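**Student:** starting from these lines, generate the structure:
(one chain, ligands or ions: 1)
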Amino acid sequence: MNIRDSQSNVSNKISWNDNYVVGIKKIDDQHKELLSMTNDLFEACTTGVDVAEDSFKNTIRMMVSHSKEIFSHEEELFELTAYADVAAHKAQHRDFMINILEHQKKFQSGVRYVPNSLARFLMEWISSHVAVDDKKFGIYYAEKIDEMKITPQQTQKLLMGVKKFRQLAFSMLLTHLKEIYGKNSSEETVHKCVEVINAFLIKNRKVMAADYVIIKSL
Ligand SMILES: [Fe+2]
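**Tutor:** Numbering: from 1, shown residues only. Have a look, this model is predicted:
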């Protein structure tokens, strides 16, 4: 199958509408960009093989960095608001990245219908994950920050504060670890320790709550 053969499968471009609104400005802006990239790819698929392949390469490159940015921001907000449905949601993010990389691999191996297939996959992602799962989180988030008595702007400041606090905590912990293990400890050992600490911080809601209390008191 080539792009021309599969053109009948290319749906119309999608327009931004209320179904996709999560209610968190930064995330909505990122999703709008995602939708725009998807539409550009749709457009390119109807133009011709060379244009579609160029557009595909650009979309894949942007999609990898853009998705990482969207997902990490969403996941930070999950932590901050102690969202319960984290595992299933994160699994969807992981599957998305795997799918994108598979498209890239297929393309590199010369499978020509991939650009069209990627456009349809992205459209499906927007109408399922964004419109359902992200929207569900958006509703929870709005209720939660209301309960925490903070504004969306304060939430962003809080996130930055938590990051700085963690960086400081990491550097203090690393200093202690170096003292414990001595100067000869390998980078790998230190890296492993950081991973363990990070996993602990992420999983431990009490630490998250402590971050919150400390940051609020600054
Ligand atoms: Fe998400």
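**Student:** please make it C-alpha for all contacts and neighbour counts, starting now.
**Tutor:** Will do.
**Student:** tell me how far the top helix by length along the chain lies from the chain's centre.
**Tutor:** In the chain, ranked by residue count with DSSP state H as the criterion, the top helix is helix 49-80. If you compare the mean C-alpha spot of helix 49-80 with that of the full chain, they lie 8 Å apart, counting by Cα atoms, centre = their mean, to the nearest Å.
**Student:** before we move on, what about stretch 75-95?
**Tutor:** Centroid separation between stretch 75-95 and its chain, computed with Cα atoms, centre = their mean, is 10 Å.
**Student:** now swap in stretch 133-141 and tell me
**Tutor:** Chain-centre distance of stretch 133-141: 14 Å, with Cα atoms, centre = their mean.
**Student:** again with stretch 117-126
**Tutor:** Here stretch 117-126 shows a centroid-to-chain-centroid distance of 16 Å under the convention Cα atoms, centre = their mean.
**Student:** got the buried residues for it?
**Tutor:** With burial defined by 16 or more other Cα atoms under 10 Å, the residues of stretch 117-126 counted as buried are S117, L118, A119, R120, F121, L122, M123, W125, I126.
**Student:** thinking the second one is in contact with E102, fair?
**Tutor:** It refers to L118. No. L118 is beyond contact range of E102, at 10.0 Å (criterion: Cα atoms under 8 Å).
**Student:** I'd like to know which elements the longest helix of the chain is packed against.
**Tutor:** In terms of contact count using 3 or more Cα pairs under 8 Å, 6 or more residues apart in numbering; DSSP states H and E, helix 49-80 is assigned the packing partners helix 25-45, helix 86-108, helix 114-125, helix 152-181, helix 205-217.
**Student:** can you give me the pLDDT of the residue nearest the centre of the chain?
**Tutor:** Residue closest to the mean C-alpha point of the chain, counted by Cα atoms, centre = their mean, is F71 at 1.2 Å. If you check F71, the pLDDT there is 91.
**Student:** ok, and the closest non-adjacent residue to it?
**Tutor:** Closest residue in space to F71, ignoring its immediate chain neighbours: H93 at 6.7 Å, by Cα to Cα, 6 or more residues apart in numbering.
**Student:** the one you found against E69, yeah?
**Tutor:** No. In this structure H93 lies outside contact range of E69 using Cα under 8 Å: 11.4 Å.
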